[in-house]
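# Here is a sequence together with a model predicted from it:
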Amino acid sequence: MAVATLALGGNLGDRHAMLDRAVDALGRLPARIIAQSGRHETPALLPAGAPDDWNIAYLNAVVQVETHLSPGTLLARIKGIEAALGRRPGPRWSPRVIDIDILAMDDRVVTTDRLTVPHPEIANRGFVLIPWAEIDPDWRHPLTGRSVAQMLEALRADA
């Protein structure tokens, strides 16, 4: 069994209800929810030139599940959950009803065309590190050796 750390977020519709539905769906996978952060509202991450109507605050959380699924299978199941909850394809960083990303799976390192674990932007994203630090501040990045708490501290120092 592996512990998978997942980031959940959305900025369209009833964000709290959508996160509730996503957590419920994750719990129905061959997985057991073992930790869940509080919810945090954060500004949208916008690319240069993004339309003004993309600037909608997100509601974010981090959930940990224990699962026997492989990273690739877990990703496929997550994409199925997103689609079932109404997520439709759109431009990168555009508003969405739900987004679920695999941040880490224990200390595994995975690099494929569809998936990179640990997520390559962990250290740069407060909307991930803040809720993650609530539930597992001591998790260490297998490539850098830095803990979630250390990455969060460094991000705050750079702000």
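That came in fine, so what should we check first?
# Only C-alpha atoms from now on, for both contacts and neighbour counts.
Fine.
# Excluding residues flanking it in the chain, which one is nearest residue 116?
residue 110 (5.4 Å; Cα to Cα, 6 or more residues apart in numbering).
# okay, residue 131: pLDDT?
Confidence at residue 131, expressed as pLDDT, is 98.
# Just read off the phi/psi values of it.
phi -70, psi -30 (degrees, to the nearest 10).
# Let the chain start at 785 from now.
Sure thing, new numbering starts at 785, so read that last one as residue 915.
# ok, it - contacts?
Listed by Cα atoms under 8 Å, 6 or more residues apart in numbering, the contact set of residue 915 reads 821, 822, 823, 824, 844, 845, 846.
# Which of these fall in strands?
Using DSSP state E, 824, 844, 845, 846 are the members of the contacts of residue 915 that sit in strands.
# quick one: which of those residues is most hemmed in?
Neighbour counts for the ones in strands among the contacts of residue 915 (other Cα atoms under 10 Å) peak at residue 846, which has 30 neighbours.
# so what pLDDT did that residue get?
pLDDT, residue 846: 98.
# Skip the chain neighbours and tell me the closest residue to it.
That would be residue 791: by Cα to Cα, 6+ apart, it lies 4.6 Å from residue 846.
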